[in-house]
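Enquirer: model the following, please.
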Amino acid sequence: MNETVPKGNRGIEHQGTKEKFWFGENQDKLFKIGKHKGENWAEIVAFSLATLLDIPCAKYTPASDDTQVKHGVISQSFINKKKGQRLINANELLAKLIKDYDPDKAYKQRKYTFHLSMALIKLLPLEEGAIKQFIGYLVFDVWIGNQDRHHENWGFVALDTKFYLAPSFDHASSMGCRVGDTEKQERLNTKDTGYNVEAFSRKAKTAMYDANNGKILKTYELSELCCKHYPEEYRFWAEKITQISEQSMVKCFDEVPENWMSDMDKKFTIKLLQANQKQLRKLCVKN
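Expert: The predicted structure follows:
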């Protein structure tokens, strides 16, 4: 069902570059409008895929504004302000951890690395299993080709002196959602191994950098780092992902409004997810 966002009682959300605002009696619902129409369905599908894996994830549902002109997604806040909870994004803590770290530079932030992110999680007094959970987020990113896990797109729920890893959120830059139908069809039909869906999947970049060479990490390189340094956690998530059937993936399109996602979007998304499953499975076998 496509929910309509009511008028009035709206609060501005300054973080990020998309048009968004809080609404509801307690202003605990976020309405976010994708810059590209594909970003809206990507959030909805990513939530359904995360649910299949039991990965904690912010829920996204389809919605339109009161004019029925602007379409986007609604996400219920996972922060309970009445209990005193607050969200601390990773950039705030990384700036305290690393000298001259710019917390306002979400992209091209060369100090933002896989190893630094893991060091932060190890330093905080988090619940048992936080490392496994975060590796799950990163391996999930590899599967869906999420290119936007920058330092403001993950963080921690704080309550007094306790910290909890926040659910995964903001997956609008995944699954090739901004690519048009013409290119998708060409990549699906081509015999050129340098242009097919598998080649497209290998191009996906993360927001993290390689600590050794200063280059931005591609998603498959991120999977290799997870596998190398956290083999047990990597295998757990990779095996769960590779066991997801095509039928289960197709069902994840059910919550997307009919006119939001073309048949070509669906065909391409399935092939992309399967290509990334293959990559994850290959690392499991190799190691």
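Enquirer: domain-wise, how is the protein divided?
Expert: Structural domains annotated on the chain: 3-79, 82-286, as defined by automatic domain parsing.
Enquirer: turn these into a markdown table, columns for mean neighbour count and mean pLDDT.
Expert: (C-beta placed from N, C-alpha, C; glycine too.) Converted to a markdown table, these look like this (neighbours: other CB atoms under 10 Å; pLDDT from 0 to 100):
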| stretch | mean neighbour count | mean pLDDT |
| --- | --- | --- |
| domain 3-79 | 17 | 86 |
| domain 82-286 | 17 | 95 |
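Enquirer: how close does the most centrally placed residue in the chain sit to residue 46?
Expert: The centroid of the chain falls nearest to residue 171 when counting by CA atoms, centre = their mean (3.3 Å). Here the criterion is CB to CB, to the nearest Å. By it, residue 171 lies 4 Å from residue 46.
Enquirer: who touches both of the two?
Expert: Common neighbours of residue 171 and residue 46 are listed as 144, 146 (criterion: CB atoms under 8 Å, 6 or more residues apart in numbering).
Enquirer: can you give me the helices for this structure?
Expert: 37-53, 90-97, 114-123, 130-144, 181-189, 197-203, 219-229, 231-242, 246-251, 263-286 (DSSP state H).
Enquirer: make TSV out of the ones you listed and add distance to residue 150.
Expert: Output for those, formatted as TSV (distance: least, CB to CB, whole Å):
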stretch	distance to residue 150
helix 37-53	15
helix 90-97	8
helix 114-123	11
helix 130-144	11
helix 181-189	25
helix 197-203	18
helix 219-229	13
helix 231-242	21
helix 246-251	26
helix 263-286	20
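Enquirer: among the ones you listed, which is nearest residue 21?
Expert: With CB to CB as the criterion, residue 21 lies closest to helix 37-53 of these, at 15.6 Å.
Enquirer: relative to helix 231-242, how tilted is that closest one?
Expert: Orientation check (axes from the mean of the first three to the mean of the last three CA atoms, to 10 degrees): helix 37-53 against helix 231-242 gives 110 degrees.
Enquirer: and the angle for helix 37-53 with helix 263-286?
Expert: Here helix 37-53 runs at an angle of 40 degrees relative to helix 263-286 (the same axes, to 10 degrees).
Enquirer: what helices and strands are in contact with helix 37-53?
Expert: If you count contacts as 3 or more CB pairs under 8 Å, 6 or more residues apart in numbering; DSSP states H and E, helix 37-53 packs onto strand 60-64, strand 71-76, helix 130-144, helix 231-242, helix 246-251, helix 263-286.
Enquirer: quick revisit: the helices of the chain: which one's closest to residue 257?
Expert: When these are compared by CB to CB, helix 37-53 sits nearest residue 257, at 8.2 Å.
Enquirer: any idea which of the helices and strands packed on helix 37-53 gets closest to residue 100?
Expert: Taking CB to CB, helix 130-144 is the member of these nearest to residue 100, at 24.6 Å.
Enquirer: picking up where we left off before, was I right about the residue nearest to the centre of the chain contacting residue 42?
Expert: Yes. Counting by CB atoms under 8 Å, residue 171 does reach residue 42; the two are 6.1 Å apart.
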